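Participant: Got a sequence here, can you model it:
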Amino acid sequence: QVQLVESGGGLVQAGGSLRLSCAASGRTFTGYTMGWFRQAPGKERELVAATTWSGGRTYYADSVKGRFTISRDNPKNTVYLQMNSLKPDDTAVYYCAAGPIWSTVVSGRANYWGQGTQVTVSS
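Facilitator: This is a model prediction of the structure:
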């Protein structure tokens, strides 16, 4: 059974940092694109960042460029999202996603999804 398990969320003050982790298991993820999405109350889910297996291609939403960094440890089947200079607008549930095709992952049609981890940024 494929599982994506997020961790690292929590409550942080504006300007602070958090690192989210997503541990994948249940199959081989060689060649898979991994991404982070978020959904705030009353808003649609949005892609925050994504990376290919090799890390040679990455995507960041304009709202997080320069503040967030996506990385992955392939032997550990784990992807990370380092979030710095957090703002109250970053408050959301963050989801990890995985799939074999870049375009389907970044368009929100990933094959696998985690349960989400709450990030709350206080002002």
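Participant: Where do the strands of this structure begin and end?
Facilitator: Using DSSP state E, the strands of the chain run over 3-7, 10-13, 18-25, 33-39, 46-51, 58-60, 68-73, 78-83, 92-99, 112-113, 117-122.
Participant: can you pull the buried residues of the second one?
Facilitator: Think strand 10-13. Using 16 or more other C-beta atoms under 10 Å as the test for burial, strand 10-13 gives residue 12. Bear in mind the C-beta positions are built from the backbone N, C-alpha and C, glycine included.
Participant: Same question for the last one.
Facilitator: Under the neighbour-count criterion of 16+ other C-beta under 10 Å, strand 117-122 has 117, 119, 121 buried.
Participant: For it, name the packing helices and strands.
Facilitator: When contacts are defined as 3 or more C-beta pairs under 8 Å, 6 or more residues apart in numbering; DSSP states H and E, strand 117-122 packs onto strand 10-13, strand 18-25, strand 92-99.
Participant: Note down every partner strand of it and its orientation.
Facilitator: As defined by DSSP bridges, the strand partners of strand 117-122 come to strand 10-13 (parallel), strand 92-99 (antiparallel).
Participant: Kindly present these as CSV, with separate columns for distance to residue 56 and mean pLDDT.
Facilitator: Below are the strands paired with strand 117-122 laid out as CSV (distance: least, C-beta to C-beta, whole Å; pLDDT from 0 to 100):
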stretch, distance to residue 56, mean pLDDT
strand 10-13, 31, 98
strand 92-99, 17, 98
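Participant: Make CSV from those and add distance to residue 25 to it.
Facilitator: Formatted as CSV, those follow (distance: least, C-beta to C-beta, whole Å):
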stretch, distance to residue 25
strand 10-13, 23
strand 92-99, 11
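Participant: Can you check which of those gets nearest to residue 34?
Facilitator: Among the strands paired with strand 117-122, the nearest to residue 34 by C-beta to C-beta is strand 92-99 (5.2 Å).
Participant: neighbouring contacts of the closest one?
Facilitator: Residues outside strand 92-99 that contact it (C-beta atoms under 8 Å, 6 or more residues apart in numbering): 4, 6, 9, 20, 22, 24, 29, 32-40, 43, 45, 48, 79, 81, 105, 108-119.
Participant: now, of the helices and strands packed on strand 117-122, which is deepest in the fold?
Facilitator: Stretch with highest mean neighbour count among those: strand 92-99 (a mean of 23; mean count of other C-beta atoms under 10 Å).
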